[in-house]
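Sequence and predicted structure are below.
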Amino acid sequence: RLPVVVLISGNGSNLQALIDAERAGELPVELRAVVSSRGGAYGLERAAAAGIPTAVLRPKDYPDRERYDAALRDCLDRLNPGLVVLAGFMRILGDRFVAAFEGRLVNIHPSLLPAFRGLHTHERALAAGVAEHGCSVHYVIPELDAGPVIAQAAVAVEPDDTPQTLQQKVQAEEHRLYPLAVRWIAEGRVTMRDGRVWMDGQPLAVPPRL
Ligand code: GAR
């Protein structure tokens, strides 16, 4: 079973989806630890309830990004995960950190990348008047939200949608999408090589919509 460490900052609903999938026998991973950048993150309670060890590493306890990233790296090196899963980890990781975990670091982003990198994606999708919106699971590279996409899920944007309703619809898809994408990695079906996603031995031309 692939050892996985999940990094969170908040509610941890995506963490919960991974826990539930693992418990249901649908995700061949060992959830080895959850690391949060915030002490009060509800996701820490979810992890504790599932019997998963937790750690808190707060940026404000470190003088700068370099040293925060180094501490996080030390923490992860001790845990020795085969895969690091960012699940609402609201902290940009520096190039050296990303390079150290390249190919073993994935993120879920609330948009159909390459559209709407960065923050406030639901507001921006509404303002742009797009007909569809969604979420993407991608490998992390130094450039923010720019890594190769493994899989996506889409929702229709309705005229009466608000940022809140869109967020709810997209998050429901996230909870389906992330366990599936992590499963493919755990099964060895998906890897990153030469900056591309490979699936079943073929370079992925277009990420699947699930
Ligand atoms: C998720 O919707 C995720 O897509 C988003 O944060 C939320 C965390 O929710 N991530 C980002 O915006 C990354 N830039 P959760 O804590 O309930 O899983």
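Here it is on my side, so go on. Residues are numbered from 1 along each chain as shown.

so where is this structure shaky, pLDDT-wise?
Of all residues in the chain, none has pLDDT under 70.

Do you have the strands of it handy? List them.
2-8, 29-36, 54-56, 83-86, 105-109, 132-139, 149-156, 190-193, 196-199, 202-203 (DSSP state E).

Include mean neighbour count and distance to the ligand when you put the ones you listed into CSV, please.
The way it works is simple: take the backbone N, C-alpha and C, and place the C-beta from them, glycine included. Shown next, in CSV, are those (neighbours: other CB atoms under 10 Å; distance: least, CB to the nearest ligand atom, whole Å):
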stretch, mean neighbour count, distance to the ligand
strand 2-8, 24, 6
strand 29-36, 22, 10
strand 54-56, 16, 14
strand 83-86, 22, 7
strand 105-109, 24, 5
strand 132-139, 24, 6
strand 149-156, 20, 11
strand 190-193, 17, 19
strand 196-199, 17, 19
strand 202-203, 10, 26
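
what's the distance between residue 136 and residue 24?
For residue 136, the distance to residue 24 (CB to CB, to the nearest Å) stands at 24 Å.

Taking this protein, what residue is nearest to the ligand?
Using CB to the nearest ligand atom, the single residue of the chain nearest to the ligand is residue 88, 2.5 Å away.

Now do the contacts for that residue.
The neighbours of residue 88, taking CB atoms under 8 Å, 6 or more residues apart in numbering as the test, are 8-15, 43, 108.

For this structure, which residues are neighbours of the ligand?
8, 10-14, 43, 87-88, 108-110, 135, 171, 174 (CB under 6 Å from any ligand atom).

Mind doing that once more with 5 Å?
10-14, 87-88, 108, 110 (CB under 5 Å from any ligand atom).

Show the buried residues in these.
Buried members of these, scored by 16 or more other CB atoms under 10 Å, are 10, 12-14, 87-88, 108, 110.

Now the two most distant members of those residues.
Farthest pair in these (CB to CB) is 12 and 110. Separation: 15.0 Å.

which stretches of this structure form helices?
Ranges of helices in the chain, per DSSP state H, are 13-23, 42-49, 65-79, 95-100, 121-128, 163-186.
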